[in-house]
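Undergrad: Quick one, fold the following:
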Amino acid sequence: MLLNEAIADLVNAHARLDISQAWAISVREGAISSSTLLKRLRSGSRKNATYTAFREVGRVIRTVQLLRYLSDAPLRRRVTAATNKVEAFNGFSQWLGFGNRGVIDDNDPVEQEKAMKFNALLTNAVVSHNALDIAETVRQLLEEGCTIDPEELARISPYLTEHINRFGEYSTHELGIQPEAYDPKPDVDFTPLREQDLAATGFGTAA
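TA: Model prediction:
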């Protein structure tokens, strides 16, 4: 009896796997859209074999990733660094979106999307400007004979606010002035840092 049940469970597991693979291939080849797939999975999902298969696959993937995260210190450092960068960008974006205290009071989804995209555009423009200013400052220091440590330079954030006056003068008479060509490269060799990153991720040159 137990053997028969085990065989039946195994057959059902393989059937669900085949169905999952078929769905994945269909989405990849464009035979079915992901939104249509989600609608079908939501329909009586707990009794849907495809839903069950995808749910179990998702649990396996999540468990593997969690175990990898817990056992891999370099991975944890990279995840923390990436998270800190995202949080810093969000904080900088909120600092720039000071109008109406950053609150979007329009109920129109189109206007809400516009406000978010305009804020993102402004944020990226200021970040780019800060990066160019940093590169110019580094270039001037190098011309004066200073030594720039690439590791220290890599820690400098482009989300600088001290030099930005959000409530200052907004002049438009300079809009027609053509700026000079700008070299964004700070002339600092970051090769050692890149090699360290490759070695930490296991993609370094084999011995």
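
Undergrad: Please count neighbours and contacts with C-alpha atoms only from this point.
TA: OK.

Undergrad: name the helices or strands packed onto the top helix by length along the chain?
TA: Taking DSSP state H as the assignment, the helix of the chain that covers the most residues is helix 109-143. Helix 109-143 is packed against helix 73-96, with contacts defined by 3 or more CA pairs under 8 Å, 6 or more residues apart in numbering; DSSP states H and E.

Undergrad: please redo it, this time with the cut-off set to 10 Å
TA: Packed against helix 109-143, as judged by 3 or more CA pairs under 10 Å, 6 or more residues apart in numbering; DSSP states H and E, are the following elements: helix 73-96, helix 150-153.

Undergrad: Return the distance of that helix from the chain's centre.
TA: Averaging C-alpha positions (CA atoms, centre = their mean, to the nearest Å) puts helix 109-143 17 Å from its chain's average.

Undergrad: Could you check that helix and say which residues are buried?
TA: 115, 119-120, 123, 126-127, 130-132, 134-136, 138-139 (16 or more other CA atoms under 10 Å).

Undergrad: picking that back up, quick one: which of the helices and strands packed on helix 109-143 is nearest Leu160?
TA: When the helices and strands packed on helix 109-143 are compared by CA to CA, helix 73-96 sits nearest Leu160, at 8.2 Å.

Undergrad: Quick check: mean pLDDT of the closest one?
TA: Per-region confidence: helix 73-96 scores 90 on mean pLDDT.

Undergrad: Offset the numbering so it begins at 32, please.
TA: All set: I'll call the first residue 32, so the last point we hit is now helix 104-127.

Undergrad: Now do that helix against helix 140-174, angle only.
TA: Counting by axes from the mean of the first three to the mean of the last three CA atoms, to 10 degrees, helix 104-127 lies at 110 degrees to helix 140-174.

Undergrad: and the helices and strands packed on helix 140-174, which is most packed in?
TA: helix 104-127 (a mean of 14; mean count of other CA atoms under 10 Å).

Undergrad: Now for Gly61: which residues touch it?
TA: For Gly61, the contacting residues are Ala55, taking CA atoms under 10 Å, 6 or more residues apart in numbering as the criterion.

Undergrad: roughly how far apart are it and Gln171?
TA: Spatial separation of Gly61 from Gln171 under the definition CA to CA, to the nearest Å is 53 Å.

Undergrad: Alright, I will stop here.
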